[in-house]
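# Quick one, what's the 3D model for this:
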Amino acid sequence: MKKLCETVGFLVFVQGVAGLLHVWLDWFRFFNLVQKLPFAAEYPVFVSIVLMVAGGAVMIAADAIKE
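Presented below is the predicted three-dimensional model:
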């Protein structure tokens, strides 16, 4: 369960980074989930930052899980 939480947190964090790179540098068009969601496409920078923080929080919280 710990590895699953770490993996999910990492993937969410990477989505946030990919969203910021897409907005700022126009990279990662194929991997960016933020641009494909209709409710998130209006505020891509804010949603990307929230994804990065949430991913980091999930990865940190995964350390509290006992195996």
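# for Ser48, what are its contacts?
When the contact criterion is CB atoms under 8 Å, 6 or more residues apart in numbering, the partners of Ser48 are 15-20, 23, 34. To be clear about C-beta, it is placed using only N, CA and C from the backbone, and glycine gets the same treatment.
# Just the buried ones out of these, please.
In terms of neighbour count (16 or more other CB atoms under 10 Å), the buried residues within the contacts of Ser48 are 15-16, 18-20, 23, 34.
# what's the closest non-adjacent residue to Leu51?
The shortest distance from Leu51 to any residue that is not its chain neighbour, by CB to CB, 6 or more residues apart in numbering, is 3.3 Å, and that residue is Gly16.
# which element is the one you found on?
With elements taken from DSSP states H and E, the one containing Gly16 is helix 2-25.
# picking that back up, and the contacts of Ser48 as TSV, adding distance to Met1 and pLDDT?
Below are the contacts of Ser48 laid out as TSV (distance: CB to CB, whole Å; pLDDT from 0 to 100):
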residue	distance to Met1	pLDDT
Gln15	21	90
Gly16	23	91
Val17	25	90
Ala18	26	88
Gly19	27	87
Leu20	29	89
Val23	34	86
Val34	27	77
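# distance between the ends of stretch 26-38?
Using CA to CA, to the nearest Å, one end of stretch 26-38 lies 18 Å from the other.
# which residues are in contact with that stretch?
By CB under 8 Å, 6+ apart, the residues outside stretch 26-38 that reach it are 15, 18-19, 21-22, 40-41, 44, 47-48, 51.
# follow-up on the earlier one: next up, the contacts around the residue nearest to Leu51.
Residues touching Gly16, when contacts are defined by CB under 8 Å, 6+ apart, comprise 48-55.
# Give the buried subset of those residues as a ChimeraX selection command.
Selecting only the buried members of the contacts of Gly16 in ChimeraX, with burial defined as 16+ other CB under 10 Å, works like this:
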select :48,50,51,52,55
